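Asker: My questions are about this predicted structure, shown below with the sequence.
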Amino acid sequence: MRTVILVIAAILASCIGTAAQTESQKTDQSSGKEIFAAIADWADAVRNRDAKALDKIFETDVIITSFDGTTRGKIEEMEILKPNGMMKMVSISNDDIKVRMFDKMAVVTALTRMNFVVGDKESSSSFRYTAVFIKKDGRWQIIALQTARAPQQTPAK
């Protein structure tokens, strides 16, 4: 009889663990989709130099560390991303995106490729970034960002 009770307890414990894990996975999948949407919105906002959208994407106390080691906050980042008559962003793509979810926080890594025109000259740039997003007021915002230069691709011959 004792063995039967232990087996039933083990089965119940297993079922409860599986149910909890499934619910957690559903939450992670939903949040993961929200993060991918936030990344796409961020790319669109940078490409379009959309100050209103960027203001919502960057958390008030965001800390940004550039590839050259300098740091800046939201005010400086918004200034850098203001529309500029000398430069036009043509495209931005994010590849190799990896998302790690932690409750109301996510760590994102990706490779970003940007094509732009400065004056009349086309140019491109690639960099890797690590961004920390937090869910605040119902939306995902960047609280920390660090970038690193990525090797430039050489054209195929």
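Answerer: It's in. Numbers count the residues shown, from 1 in each chain.

Asker: how close does K33 sit to V46?
Answerer: Counting by CB to CB, to the nearest Å, the gap from K33 to V46 is 21 Å. Heads up, the C-betas are built off the backbone N, CA and C, glycines and all.

Asker: What residues does D96 make contact with?
Answerer: T109, A110, L111 (CB atoms under 8 Å, 6 or more residues apart in numbering).

Asker: I figured the first one hits I97, correct?
Answerer: Yes: proximity of T109 to I97 meets the contact threshold set by CB atoms under 8 Å, at 7.4 Å.

Asker: Buried subset of the contacts of D96, written for ChimeraX?
Answerer: Entered in ChimeraX, the line below selects the buried ones among these, by 16 or more other CB atoms under 10 Å:
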select :110
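
Asker: Now intersect the contacts of D96 with the strands, please.
Answerer: Those of those mapping onto strands are T109, A110, L111, per DSSP state E.

Asker: pLDDT for these - can I get that in TSV?
Answerer: Listed next are the ones in strands among the contacts of D96 as TSV, based on pLDDT from 0 to 100:
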residue	pLDDT
T109	97
A110	96
L111	95
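
Asker: Near V132, how many residues? Count them for me, please.
Answerer: Per other CB atoms under 10 Å, the neighbour tally for V132 reads 19.

Asker: Which elements pack onto the helix or strand M78 falls within?
Answerer: Assigned by DSSP states H and E, M78 belongs to helix 74-80. Judged by 3 or more CB pairs under 8 Å, 6 or more residues apart in numbering; DSSP states H and E, helix 74-80 is in contact with helix 51-57, strand 58-65.
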